[in-house]
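**Q** What follows is a predicted protein model with its sequence.
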Amino acid sequence: YPVFMSEFARSVPPGVKINSMSTAGQAAGAVKLTISAVANSNEDIAVWMKTLEKNAKFGMPELGSVSAAAGLYTFALTATYTSK
């Protein structure tokens, strides 16, 4: 988990704050991530999605619902992390 957390932290752009994250182990050493977060803008969400898509260790990033209130964007995200 230390390597995973380090890579995960580096992937999060400055305009995004993680509210909660849960992990579940899967086959072949993969970890499924379920994340709830808040972003300052839609662009911050897009930057994070592109960063995850470019990193081979983060597979199948999927953006869930996005809602805007008080100038902030609350969203859900799922992905799979594989340490290989």
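**A** Sure, I can see it. Residues are numbered from 1 along each chain as shown.

**Q** Which helix or strand in this protein has the lowest average pLDDT?
**A** helix 2-11 (a mean of 91; mean pLDDT, DSSP states H and E).

**Q** For Ala68, name its beta-bridge partners.
**A** Taking DSSP bridges as the rule, Ala68 bridges to Tyr73.

**Q** any idea how far it is from Thr23?
**A** 27 Å (Cβ to Cβ, to the nearest Å). Every C-beta, even on glycine, is put in place using the N, C-alpha and C of the backbone.

**Q** Give me the buried stretch members for the helix or strand following the least confident helix or strand of the chain, please.
**A** On the C-terminal side of helix 2-11, the closest following helix or strand by DSSP states H and E is strand 16-25. Neighbour counts using 16 or more other Cβ atoms under 10 Å place Val16 of strand 16-25 among the buried residues.

**Q** can you list contacts of strand 16-25?
**A** 12, 31-40, 44-45, 48, 74 (Cβ atoms under 8 Å, 6 or more residues apart in numbering).

**Q** out of the residues you listed, which are buried?
**A** Going by neighbour count (16+ other Cβ under 10 Å), the contacts of strand 16-25 have Val12, Val31, Leu33, Ile35, Ala37, Val38, Ala39, Asp44, Ile45, Trp48 buried.

**Q** measure the residue lying closest to Glu7 once chain neighbours are set aside to Thr51 for me?
**A** Take Glu7 and drop its neighbours on the chain: the residue closest to it by Cβ to Cβ, 6 or more residues apart in numbering is Lys57, 6.4 Å away. From Lys57 across to Thr51, the span is 11 Å (Cβ to Cβ).
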